[in-house]
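Student: sequence-free structure coming up:
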């Protein structure tokens with residue numbers, strides 16, 4: 001068995017086992033300490049006609065802690081079993097930086113779950129952590145774009161990558177509006193990212209396999225009817241880790257080529273955040289104000305059940321990943337895939353808005 005297969009299997013088994021075993025005690029702790037939540041659609045303008053389809057019980061918010069534990073254990077076990085994985089100093093810095101910064105972001109999410117901290121503080125901490133990592137790890141590096149075009153990362157590119165990382169991290173957080181929606185979309189995204197990763201990209205392999213395994217194990221408890229939620233701990237952590245791994249070089253010998261394809265793979269959460277923020281700004285509202293303009297809320301307003309709505313989002317994400325994978329041939333296939341992805345989502349939005357059930361949308365924006 002080669003290193004890639006052995007590492008993939010080790011990380012998958014370790015992460016899935018840690019998450020699966022930790023969820024029951026984390027649920028007990030959450031109920032004991034009151035770290036629970038009333039489902040979000042009872043706090044915003046979802047019509048009463050479909051609120052009854054939501055949960056009638058308090059749900060623990062401690063699921064993300066299992067992800068932090070699985071990630072930390074998987075990374076440490078990988079180094080113990082394969083001590084020669086990272087001989088290059090730059091990769092060692094990325095490994096250590098990702099380990100520390102991801103736990104910092106996760107702990108900030110946990111503080112939000114416990115104390116409901118200001119979104120401004122969350123953004124500030126995330127921007128500082130991501131900005132510092134970008135400056136240390138990607139400034140001056142090369143990006144390989146579809147068609148073989150090479151870009152060197154300077155200050156303007158660094159700012160674009162900072163916005164992307166912040167955006168994807170928050171997009172995953174905002175996408176967690178249905179049982180299993182965020183975990184499923186991230187798992188699908190990690191799977192497609194794995195298909196375009198080289199077999200010697202060991203850090204990317206550890207991260208992607210850990211995320212995939214953790215999400216799959218978590219869905220056993222998180223799919224409708226959910227018995228636990230990711231909370232900000234899990235969603236911010238997942239978005240942060242995925243964002244970083246998609247802009248780092250897979251190996252020291254290869255420039256980063258993930259970024260353009262990640263934009264297609266994670267189009268659903270990124271497009272949802274963009275649409276929702278735009279609508280809120282047009283209505284002169286704070287973009288971080290909760291409302292029911294998210295794609296999952298629009299699906300519920302058609303009368304779709306929560307399971308059906310979640311699986312629909314998974315299918316959309318799967319198609320986006322497939323298009324990204326098929327576009328991994330050159331600039332023309334990439335442009336075609338990007339166009340098809342945009343057309344698919346625009347058409348989907350138009351359909352679900354048009355098919356909104358009148359009895360659900362009465363006196364509803």
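Tutor: Yep, it's here. Model, not experiment: these values are computed from the prediction. Residues are numbered from 1 along each chain as shown.
Student: what about the stretch 251-365 of the chain, any weak spots by pLDDT?
Tutor: 358-365 (pLDDT under 70).
Student: In the stretch 51-200 of the chain, where is pLDDT below threshold?
Tutor: Looking along the stretch 51-200 of the chain with the criterion set at pLDDT under 70, you get 51-56.
Student: ok, which stretches of it are helices?
Tutor: For the stretch 51-200 of the chain, helices defined by DSSP state H, counting those that start in this stretch occupy the ranges 63-81, 89-115, 119-137, 155-175, 181-195.
Student: Would you mind finding the most buried of these?
Tutor: helix 181-195 (a mean of 25; mean count of other C-beta atoms under 10 Å). Any C-beta I mention is one placed from the backbone N, CA and C, and that applies to glycine too.
Student: Would you tell me what the next helix or strand after that helix is?
Tutor: Per DSSP states H and E, helix 181-195 leads on to helix 202-222 as the next helix or strand towards the C-terminus.
Student: Name the residues of whatever helix or strand residue 22 lives in that are buried.
Tutor: Per DSSP H and E: residue 22 is located in helix 3-33. Residues of helix 3-33 classed as buried: 7-8, 10-12, 14-16, 18-20, 22-23, 26-27, 30 (neighbour count, 16 or more other C-beta atoms under 10 Å).
Student: got the angle for it vs helix 181-195?
Tutor: Orientation check (axes from the mean of the first three to the mean of the last three C-alpha atoms, to 10 degrees): helix 3-33 against helix 181-195 gives 170 degrees.
Student: From the buried residues of helix 3-33, pick the one nearest residue 258.
Tutor: residue 8 (17.4 Å; C-beta to C-beta).
Student: Would you check how far apart the closest one and residue 204 are?
Tutor: With the distance defined as C-beta to C-beta, to the nearest Å, residue 8 ends up 11 Å from residue 204.
Student: With residue 124 instead?
Tutor: Applying C-beta to C-beta, the value for residue 124 to residue 204 is 28 Å.
Student: Likewise for residue 216?
Tutor: On the measure of C-beta to C-beta, residue 216 and residue 204 end up 18 Å apart.
Student: repeat for residue 296
Tutor: Using C-beta to C-beta, residue 296 is found at 29 Å from residue 204.
Student: before we move on, back to that, could I get the helices of the stretch 51-200 of the chain as JSON lines with distance to residue 289?
Tutor: Rendered in JSON lines, the data for those read as follows (distance: least, C-beta to C-beta, whole Å):
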{"stretch": "helix 63-81", "distance to residue 289": "23"}
{"stretch": "helix 89-115", "distance to residue 289": "16"}
{"stretch": "helix 119-137", "distance to residue 289": "10"}
{"stretch": "helix 155-175", "distance to residue 289": "12"}
{"stretch": "helix 181-195", "distance to residue 289": "20"}
